[in-house]
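Structure for the following, please:
(2 chains)
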Amino acid sequence: MSETYVQRMRVTFATDDSVKYVGHLDMARAWERAIRRARLPLAYSQGFNPQPRLHFAAALPVGFTGQAELVDVFLNEALAPADFLARLNPALPVGIRLIAAEPVPRQWPALQAVIRAARYRVEVETAIADEAFVGQLATFMARSEVWRERRRGPEVVRYDLRPLVEALRYTGRCALGQSFEAVLRAEPGATGRPDELLAELGYETALRRITRLALVLAEGG
Amino acid sequence: MLSMTPEAISRGLERILPTVQKPARYTGGEYNSIVKPWEAIPYRLALVFPDLYDLGMSNLALAILYDIVNRQPDMLAERAFTPWVDMLAAMRRQNIPLYSLETRHPLADFDVIGFTLPYEQLYTNVLTTLDAAGIPLRAAARDDTAPLILAGGSACLNPEPMHAFFDAFFIGEGEEAIVEIVRTWTDARRAGLSRRDALARLATLEGIYVPAFRSVACDAEGRIVETRVTHPAARAVIRKRIVPTLPPPPTRFIVPFIETVHNRAAIEIQRGCTRGCRFCQAGMIYRPVRERPLAEVLDAVEAIVRATGYEEIGFLSLSSSDYSAIGELVREVVARYGDEKLSIGLPSLRIESFSVELMEQLEKGRRRSGFTFAPEAATDRLRDVINKPIATELLLETARQVYSRGWTTIKLYFMIGHPTQTLADVQAIADLTHQIRRIGLQELGRKASVRVGVSTLVPKAHTPFQWVPLADEATIRSQIALLERQLRAPGIEFSYNNPEETLVEAVLSRGDRRLADVIEMAWCLGAQFDGWGDQFNPTAWRQAFAAHGLDPAWYARRARPLDEILPWDFVNVGVSKRFLAAEYQNALAGAVIDDCREHCYSCGILGQFRELRRGVADDAWGCPPLGSGKLRQPISPKPIPLYVNDEMSPELAAHYGPRVPQRARSRESSNSGTSLR
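The predicted structure is shown next:
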């Protein structure tokens, strides 16, 4: 890809319940249109079918909210971060809130390449007693391997969920039932999914609310 | 009736949205959607397009009405669509009634529910939608708590098949009327009038038809013998309402999160068409022609780009080539936006080289995919019959230019079953396709392709072909088989409409009041989403007709005498029955009439709307100026030989009828934005 942009703006943003059913590709298009409405100098790739240069760190699964999502926006002009935020904010749909913007060096690796893990808050509908729930989390962490099957397109992939779960922390009762925080690996080919974790804990079909609290970047990212 | 608070609905949705396809269809919250404080707004309208969100969000009528009503400080308009079958089932399980996308109020909480009905395939979905909203299907079963159930749109111009389900129909252009209707109904109800009395007040408005105030008597066979108005407030003839000039176009289009069929904003550059194609309902019912001034179109483009961020804008009209400033419009748009990522769709151009030049300007530097031609018939003679005279030579020359300038695919649309059609005319479809493919090979080589779509003419109400029988099924099938054999070749793709779907459309288009029972029963037996191919349920329809002792062929395949009372005769679209009958005779004689911008053929529109016409500028309408030596122009009769059709039943060979472009077509043709007619 030719490097014809001027500025690479790293943006931190939050998404709430009102946009949590918007899929990742649709979300990317919503960003592109918002940037066009704001008349920001978005850079496009070359060729017959130019693509907007918007690089998201990690797709947020449908149904999740996010408190600190990351996207690199490539611009054809350098803008002051405050100016960038002031222009983009009113052009975004309700439910997407900008938190911060800062220019990052061109030579930094792509966001997708430096994501190491993600921290989630999970709330699940259940009537189970606190100690029993804590016990379920502890039992999971005590296991050395947790083999699961996942459909990926036509094929079924067998994988070990356990090493993808780095930490579980009980965070008490909530309106829905019980809640906990989880740190799950998020690297290419090794991504832990909160829904899979819930299924393994015995809550495959239970109502849940999941928020991605933070993305963990590798050193130098 | 299901009643639920918006908060309870939202809680229920939390449980079901994770389980359905494309949940963002059902959440609202899109950019430019308008959420008003419910409690503070006295007049509340729900606008419903009774099909999927993905389709309905591309409907311009809905966008126009949403814009107009929400401009009123004391009114709100919110949207609802028919949920897909997975969502319908999930909502039923959770007891969630159909709700509006903006504030998630149950539809039953609104004052008025306005359905837009652009085509007949949506009839059963109206029932699905009412049912999902917990509202009684039949108008007669609704009590004083129910909202007004109203319909408008071109599939209401024969309202009778759906008469039992709507409290009222609106006939015509709704821009000015919608506010008046919502106000009149709501005020009447708040003043304590009964449902019936409120309907009577509504019936005094021009363009409003209340089926409960009209009775129809039939003979044993089902022919109408007498109709009567049964309430003093109601009108005997419902004349359509029109706007004398086009109101400013909406520009703050809602920007959906998910991909919809069109993914773009649209500007209506012109309403109505002066070409007079005899099969085309739109060409008859949207008269007179009104152009939007060039400056207004250009301003709207700018406003839309700023307000929506859309990558594409479609310029809509029935015949873009007839827009008087079309060359300038294209030049200006290219000059202003050529460097930006904005593409312009310009459907419905004439088949001529000027159109290719326009498209070349618009698509400069972009990937060129398909170019659509809609000649509708493959021989010069038959195109005269349908009054769409394009010389085959010109068509071939245009095809050559299209391929030579780099477009790789030409899509061709034809209809079979036109009046006087012979097997030679069907064969000509295959021959013409091969000729065009050969031109493609010469100009472009093997990557040149032709896609041929063939549908059967469905005769529509308010057209010169409203008396014409639909082709019989065996004939349709044999003609499709012939084309299938002949068009099996490299570089050629052939597709056609399902004859059973065509039959249902044809019956509903020209049906009468007795069909309401059939529609309801077919729906009970599972018919819904009739326009969705794989959802179409022919068994349900067959059973429903049989159960009511009605024969679809009686409606669709019977040649109707010119003096028969037609179920839609009381709807006056401004074009007189006398004009339509004369045009039907002209068709059978192979006689062509001219573009009526040039000569007036007295279709009736000027007589009906004389007062409105006087109130606007001389050139505001496509009709020739008033009173300036209006000559009745002669038609150009071309005697045609008597055709004998070997495979058609002889008694039908004299007729053979038309159709109007279907949804599938309009969806396709506007995709690439490059279609010639």
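
quick one, what contacts residue 34?
Reading this off chain A. A:Leu88, A:Ala91, A:Leu92, A:Pro93, A:Ile96, B:Tyr31, B:Gly309 (CB atoms under 8 Å, 6 or more residues apart in numbering or on different chains). Any C-beta I mention is one placed from the backbone N, CA and C, and that applies to glycine too.

let's do chain B instead
For B:Ile34, the residues meeting the contact criterion (CB under 8 Å, 6+ apart) are B:Tyr66, B:Asn70, B:Leu76, B:Ala77, B:Glu102.

hang on, it is in a strand, isn't it?
No. When classified by DSSP: H, G, I helix; E, B strand; the rest coil, B:Ile34 is found to be coil rather than part of a strand.

Could I get the pLDDT score of it?
If you check B:Ile34, the pLDDT there is 98.

Can you tell me how far it is from B:Pro147?
20 Å (CB to CB, to the nearest Å).

for B:Ala374, helix, strand, or coil?
The three-state label for B:Ala374, taken from three-state DSSP, comes out as strand.

Tell me which residue is most central in chain B.
B:Pro118 (4.1 Å; CA atoms, centre = their mean).

what number of residues lie near the closest residue to that one other than its chain neighbours?
Closest residue in space to B:Pro118, ignoring its immediate chain neighbours: B:Gly153 at 4.9 Å, by CB to CB, 6 or more residues apart in numbering or on different chains. Using other CB atoms under 10 Å in any protein chain shown as the criterion, B:Gly153 is surrounded by 21 other residues.

quick one: contacts for B:Gly153?
If you count contacts by CB under 8 Å, 6+ apart, then B:Gly153 has B:Ala61, B:Phe115, B:Thr116, B:Leu117, B:Pro118 around it.

The fourth one against B:Gly152, yeah?
Yes. Using CB atoms under 8 Å, B:Leu117 makes contact with B:Gly152 at a distance of 7.1 Å.

Could you chop chain A up by domain?
Domain assignment for chain A by automatic domain parsing gives A:7-108, A:114-217.

Give me whichever of these is most buried.
Taking mean count of other CB atoms under 10 Å in any protein chain shown as the contact definition, the stretch among the domains of chain A with the greatest mean neighbour count is domain A:7-108, which reaches a mean of 17.

CA atoms only: put the helix or strand hosting B:Leu62 into CSV for me.
Element membership for B:Leu62, per DSSP states H and E: helix B:60-71. Taking Å, rounded to 0.1, in the frame of the first residue of the first chain, the C-alpha atoms of helix B:60-71 are listed here in CSV:
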residue,chain,number,x,y,z
LEU,B,60,-38.3,7.6,-1.5
ALA,B,61,-42.0,8.1,-0.6
LEU,B,62,-41.3,7.1,3.0
ALA,B,63,-38.3,9.5,3.2
ILE,B,64,-40.4,12.4,1.8
LEU,B,65,-43.3,11.9,4.2
TYR,B,66,-41.0,11.4,7.2
ASP,B,67,-39.3,14.7,6.3
ILE,B,68,-42.6,16.6,5.9
VAL,B,69,-44.4,15.4,9.0
ASN,B,70,-41.3,15.8,11.2
ARG,B,71,-41.0,19.4,10.1
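
Pairing partners for the helix or strand just after that helix, with directions?
Following the chain from helix B:60-71 toward its C-terminal end, the next helix or strand by DSSP H and E is strand B:75-81. Strands flanking strand B:75-81 in the sheet, each with its direction: strand B:43-49 (parallel) (DSSP bridges).

so how far is the partner strand from its chain's centroid?
Distance of strand B:43-49 from the chain centroid (CA atoms, centre = their mean, to the nearest Å) equals 20 Å.

residues from chain B in reach of chain A?
Proximity of chain B to chain A is confined to B:14-15, B:17-18, B:23-24, B:26-27, B:29-31, B:255, B:257-259, B:305-311, B:341, B:366-367 under the rule CB under 8 Å from any CB of the partner chain.

Mind checking which of those land in helices?
Among the residues of chain B next to chain A, DSSP state H puts B:Glu14, B:Arg15, B:Val305, B:Arg306, B:Ala307, B:Thr308 in helices.

For the contacts of A:Ala34, work out which two are farthest apart.
With CB to CB as the measure, no two of those lie farther apart than A:Ile96 and B:Gly309, at 13.6 Å.

Great, nothing more from me.
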